[in-house]
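Novice: Build me a model:
(2 chains)
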Protein chains: 2
Amino acid sequence: MDLIKNAVGRLIPKEMDGKKLKPFRGMHADSGGGLKYGGLIPAASKFNHKVLKDLDAAIDACEIKDGMTISFHHHLRNGDLLVNRVVEKLAARGLKNLVLAPSALFPTHGKLVEYINSGVISHIEGSMNGPVGQVCSLGKMKKTAILRSHGGRYRAIQDGDLHIDVAFIAAPCADQHGNANGLYGKSACGPLGFALADSLYADRVVVVTDHLVPFPCYPWSIEGGNVDHVVVIDSLGDPSQIVSGTTQITRSPTRLLIAEYAAQLIKDSGIMQEPNFSFQAGAGGVSLAFVKFMGDLMHEAGVVADFVRGGSTQFMVELLENGLARYILDGQSFDLEGIRSLRDNPHHIETNPFVSYNYHTKGCFAQILKVSVLGATEIDLDFNVNVNTHSDGWLLHGIGGFTDAADAHVTMITAPLVRNRLPIVVDRVTTVTAPGEMIDVVVTERGIAINPRRQDLLDRLQSSRLPIKSIEELHDVAIDMTGVPAKPDFTDRIVALIEFRDGTIIDTVRQLLPKTGGA
Amino acid sequence: MDLIKNAVGRLIPKEMDGKKLKPFRGMHADSGGGLKYGGLIPAASKFNHKVLKDLDAAIDACEIKDGMTISFHHHLRNGDLLVNRVVEKLAARGLKNLVLAPSALFPTHGKLVEYINSGVISHIEGSMNGPVGQVCSLGKMKKTAILRSHGGRYRAIQDGDLHIDVAFIAAPCADQHGNANGLYGKSACGPLGFALADSLYADRVVVVTDHLVPFPCYPWSIEGGNVDHVVVIDSLGDPSQIVSGTTQITRSPTRLLIAEYAAQLIKDSGIMQEPNFSFQAGAGGVSLAFVKFMGDLMHEAGVVADFVRGGSTQFMVELLENGLARYILDGQSFDLEGIRSLRDNPHHIETNPFVSYNYHTKGCFAQILKVSVLGATEIDLDFNVNVNTHSDGWLLHGIGGFTDAADAHVTMITAPLVRNRLPIVVDRVTTVTAPGEMIDVVVTERGIAINPRRQDLLDRLQSSRLPIKSIEELHDVAIDMTGVPAKPDFTDRIVALIEFRDGTIIDTVRQLLPKTGGA
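Specialist: Sure thing, here's the model as predicted:
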């Protein structure tokens, strides 16, 4: 195999499964060019009656064949029933070599492993989590999987790199024309933005709902003018697994300390006090606490953020309702408060990866964002970040919005220095998800490292009392605690490509020779 | 010139200005096919600073050259200052042979005539009204103008038939990223949907605003991710000409009678009482009265429409606020009440020609609509309708949304039988804008004609006391009043093509040998 070294020093094949690959050249090196994929030209007069009697009728109507690419979104998270149900039906029809293109998968989709093993699914383009990532690590997919960020997935579909034959869109609320949103009904999940690209560019689009309302279903996060068929089923999923009733802040003193350091750093650097303040944080243990601490500091200082970026939670909603943020720009709602606010508060805005994350746009929100707080499985001495594999070599996570959100003015990684007796700050990450040039700050409970590229930040923090250290110092502390961990054993076979948001390849994942049964 | 007869019997050139033309084959004959135009692939990192100091800087940045296509929207109606201002600047730079692609023009754009005469503008693709239509009739454009409906314009841009080099989008409210809407600011106009296609597909997009707000400007009818540059100017237009303070119902007994007949017909046919009732009406004298009468009949019968389609006015808003309509689906706001309601009432929804009118979609609202009430300059014995030229041959109007809205289940033309001593019901329309197969009912003060293709309607109206006559009878009455009018004299030269919403050519407009100075 012909390999070439990319800008983060990783060896990338020049070609894979018959497609030429472009090596990663730098976070902003890509300058676009060429034309987007337009999508098929349909004729409205053929779409007067869209409602079909069941999923089988939709599968028939879409004329699904061996080797086609089928897509799903992940807004129903671990509560989703649709992916398994559709793939089961496709398998029962004897279909083979399907490409699955979900925006993410969850533990509930572990069932797909048997369809990968039996050849119904040849490989996955999209995020893989848990058991499906493991089976990929073991080399069970016939072709090379491709991991993309949320923005990268939108880009790939828009640019025609990922052609979707049939998109199945789980829609908590829809009308007969196919207009759909995630705000109402028993399976309400919040935004539906991860399905937007699928609806715009897939050859066939099937909206599947358990809550059909009279036309017009509004807001139409998915527009009926892009929808071929509508199917009503009894239930899209398990509401308790779609969103949490309430989101809990971590009680771990370590994680609380990390969150407090992160918030304090934003204050101490003066960024919080500047005009156009904004930040993004997710729903993980540290993130929620960070939002809470950030809100306290803003309240004390009388600061109002122009916007905060969700995943929305009750803590984001409190910022909005307490006047500490003018807007929530929401990509997905994690709890019931997030959905309620999105539904009722005109300053809580549904977004999608085109407006928020897509690099092949004339600008997106990621680059407007002041502060982004993200997690990681490994960070190395070059500040490269890994969110996909663990130090033992298993592929266990998708990229999510990581590489996109890391385009913020200040990107901070929050992580405990040691996890499961393994260091998080390492000499060289197992897999590069995002290049060090995107990462500005690493916050651990044992100290904070600032990327030397950000001398401006170091200058601003000169009088801060935060425990600022070099990344090498953090690494030394970690190794002192854990010893030098063994590196995993890989074969030469590439089982997955890590695609950067601009479509270039930043790293590969190799087949694992497991020492244990998996993490 | 090689001509071919189309489905309404009009002779259409096989080719024009080097492009092959497709003759009209029937209202639903087109079945799509091929790929949409994708648009250029940009790179977000080049769009961190979009605000330019003035229009000249934007013209420089867009590198406008001779022969390029420049577009505008018409949401500021007769109050618009931007079209004249930009074209003036382009003319001052000595540019020639520009193609102007406005979604419509108004009397205030009469100034363009001098730029057409001097060759700055070679021709127009889009709507022409008044003086610009006249100069087209006189053969002053270098190339053949193309008239398209609102939905047809979206289709042409989407399909790549109309490639826009630079779109200038007048935006009453915008932020530095280029997010824009028409709801706030001194030039508030309501929706901005007519500019959507331009923003999605033009090579360069310039948002011009007189009301810059902090990011995020929401709703983002125009998404910043599609915008290259933002320019702030002192004033976009004359507010008193952008929207009316209040819209007045006609006092003409003739027009009131026509409106009453139209509403009564909907009731007598039983359509009003059926589920999923909906209707569309504009802001003309008859239309406003129709909305009022329709509301009265609905109120009496306890009927609630699923939706009403604007152009919104205070009368539409009253329907919504009085519970007689569940939603307003609004394409443009005609008065201050329309804007207020769009801004404040979540059941008053902004639309655009993609969702409402575009035939090259997987269905649009036009075909869901039950009743559409439209005006015309001529209707003939085959029910063909002309809205572009007058009987004296002058091209004086754009198509607006006519051909699109005529896809409703029941399309009604309301018009006085005689106007300016000329019959409106004629033997053969001067120009076919919409084929008779789309037109179901013609309502005049002297009687109502039902298209014989709609035997179902004739059956439903058997016990109605409305004055139902044949179209031939209406024609005879008209001719009795006016005499047989002289036909206009045309040269052989085709000065404009009337494009049907599917991209086929339904008729041509020929150069006029004027008897008078114009209507």
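Novice: how about A:Asp198, what does it touch?
Specialist: A:71, A:73, A:157, A:164, A:167, A:169, A:205 (CB atoms under 8 Å, 6 or more residues apart in numbering or on different chains). For every residue, glycine as well, the C-beta is placed using N, CA and C.
Novice: roughly how far apart are it and A:Ala101?
Specialist: 8 Å (CB to CB, to the nearest Å).
Novice: list the residues that contact both of these two?
Specialist: Common contacts of A:Asp198 and A:Ala101, defined by CB under 8 Å, 6+ apart, comprise A:71, A:164.
Novice: So A:Glu260: helix, strand or coil?
Specialist: helix (DSSP: H, G, I helix; E, B strand; the rest coil).
Novice: tell me which element the nearest residue to A:Pro353 once chain neighbours are set aside falls in.
Specialist: Spatial nearest neighbour of A:Pro353, chain neighbours left out: A:Tyr154 (3.9 Å); criterion: CB to CB, 6 or more residues apart in numbering or on different chains. Applying DSSP states H and E as the criterion places A:Tyr154 in helix A:150-159.
Novice: Burial check on A:Pro275, number of neighbours?
Specialist: Using other CB atoms under 10 Å in any protein chain shown, A:Pro275 has 6 other residues around it.
Novice: Distance check, it against chain B.
Specialist: In this view, A:Pro275 and chain B are 9 Å apart by CB to the nearest CB, to the nearest Å.
Novice: ok, that residue to A:Asn345 distance?
Specialist: A:Pro275 is 24 Å from A:Asn345, by CB to CB.
Novice: Now do the contacts for the closest residue to A:Gly331 other than its chain neighbours.
Specialist: The spatially closest residue to A:Gly331, leaving aside those adjacent along the chain, is A:Thr351, at 5.4 Å (CB to CB, 6+ apart). Contacts for A:Thr351 (CB under 8 Å, 6+ apart) come out as A:191, A:193, A:329-331, A:365.
Novice: Neighbour count added to those, as a markdown table?
Specialist: What follows is those, written out as a markdown table (neighbours: other CB atoms under 10 Å in any protein chain shown):
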| residue | neighbour count |
| --- | --- |
| A:Pro191 | 28 |
| A:Gly193 | 26 |
| A:Leu329 | 26 |
| A:Asp330 | 26 |
| A:Gly331 | 28 |
| A:Phe365 | 29 |
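Novice: Among those residues, name the ones in strands.
Specialist: A:329-330 (DSSP state E).
Novice: Looking at the contacts of A:Thr351, spot the one nearest B:Lys20.
Specialist: A:Gly193 (40.0 Å; CB to CB).
Novice: what's the distance between that closest one and A:Gln314?
Specialist: 20 Å.
Novice: same deal with A:Val227?
Specialist: A:Val227 is 33 Å from A:Gln314, by CB to CB.
Novice: Kindly report the same for A:Pro191.
Specialist: A:Pro191 is 16 Å from A:Gln314, by CB to CB.
Novice: returning to what we had before: out of the contacts of A:Asp198, list just those in strands.
Specialist: Per DSSP E, the contacts of A:Asp198 map to strands at A:71, A:167, A:169, A:205.
Novice: Pull the number of nearby residues for the second one.
Specialist: Around A:Ala167 there are 29 other residues, counting by other CB under 10 Å.
Novice: Can you tell me which helices and strands the helix or strand where A:Arg340 lies packs against?
Specialist: Take DSSP H and E as the rule and A:Arg340 turns out to sit in helix A:336-344. Counting contacts by 3 or more CB pairs under 8 Å, 6 or more residues apart in numbering or on different chains; DSSP states H and E, helix A:336-344 is packed against helix A:314-321, strand A:328-330, strand A:348-350.
Novice: Let me know which of these is tucked in deepest.
Specialist: strand A:328-330 (a mean of 26; mean count of other CB atoms under 10 Å in any protein chain shown).
Novice: so how far is it off the chain centroid?
Specialist: 16 Å (CA atoms, centre = their mean, to the nearest Å).
Novice: Can you spell out which helices and strands pack onto that strand?
Specialist: Strand A:328-330 packs on strand A:307-309, helix A:314-321, helix A:336-344, strand A:348-350, going by 3+ CB pairs under 8 Å, 6+ apart.
Novice: Any idea how many residues pack against the nearest residue to A:Ile424 once chain neighbours are set aside?
Specialist: Leaving aside its sequence neighbours, A:Ile424 sits nearest to A:Ala415 (CB to CB, 6+ apart; 4.8 Å). Using other CB under 10 Å, A:Ala415 has 23 neighbouring residues.
Novice: swap in A:Ala188?
Specialist: 24.
Novice: Contact residues of the stretch 101-250 of chain A facing chain B?
Specialist: A:158-160, A:177-178, A:205, A:214-216, A:218, A:220, A:223-228 (CB under 8 Å from any CB of the partner chain).
Novice: Now with 6 Å, please.
Specialist: A:159, A:214, A:216, A:218, A:223, A:225-228 (CB under 6 Å from any CB of the partner chain).
Novice: And for the stretch 301-450 of chain A?
Specialist: A:306, A:327, A:349, A:354-355, A:359-364, A:367.
Novice: need those in a markdown table with pLDDT, can you?
Specialist: Listed next are these as a markdown table, based on pLDDT from 0 to 100:
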| residue | pLDDT |
| --- | --- |
| A:Asp306 | 97 |
| A:Tyr327 | 98 |
| A:Ile349 | 98 |
| A:Phe354 | 98 |
| A:Val355 | 98 |
| A:Tyr359 | 98 |
| A:His360 | 98 |
| A:Thr361 | 98 |
| A:Lys362 | 98 |
| A:Gly363 | 98 |
| A:Cys364 | 98 |
| A:Gln367 | 98 |
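Novice: What is the nearest of those residues to B:Phe490?
Specialist: Among these, and counting by CB to CB, the member closest to B:Phe490 is A:Lys362, at 45.6 Å.
Novice: how deep is A:Gly270 tucked in, by neighbour count?
Specialist: A:Gly270, neighbours per other CB under 10 Å, totals 10.
Novice: Hmm, I typed the wrong one, I wanted A:Val477.
Specialist: Neighbours of A:Val477 using other CB under 10 Å come to 18.
Novice: Kindly report the same for A:Glu274.
Specialist: 11.
Novice: My guess is A:Lys14 contacts A:Asp2. True?
Specialist: Yes. Counting by CB atoms under 6 Å, A:Asp2 is a contact partner of A:Lys14 at 4.5 Å.
Novice: From B:Ala145, how far out is A:Ser356?
Specialist: 41 Å.
Novice: Could you do A:Lys46 as well?
Specialist: For A:Lys46, the distance to B:Ala145 - CB to CB - is 31 Å.
Novice: Please say which of the two ends up with more neighbours.
Specialist: B:Ala145 (27 against 13).
Novice: thought A:Ala289 was touching A:Leu256?
Specialist: Yes. Under the criterion of CB under 6 Å, A:Ala289 makes contact with A:Leu256 at 5.5 Å.
Novice: Those two: who's more crowded?
Specialist: Neighbours were counted for A:Ala289 and for A:Leu256 using other CB under 10 Å; A:Ala289 has more, 25 against 19.
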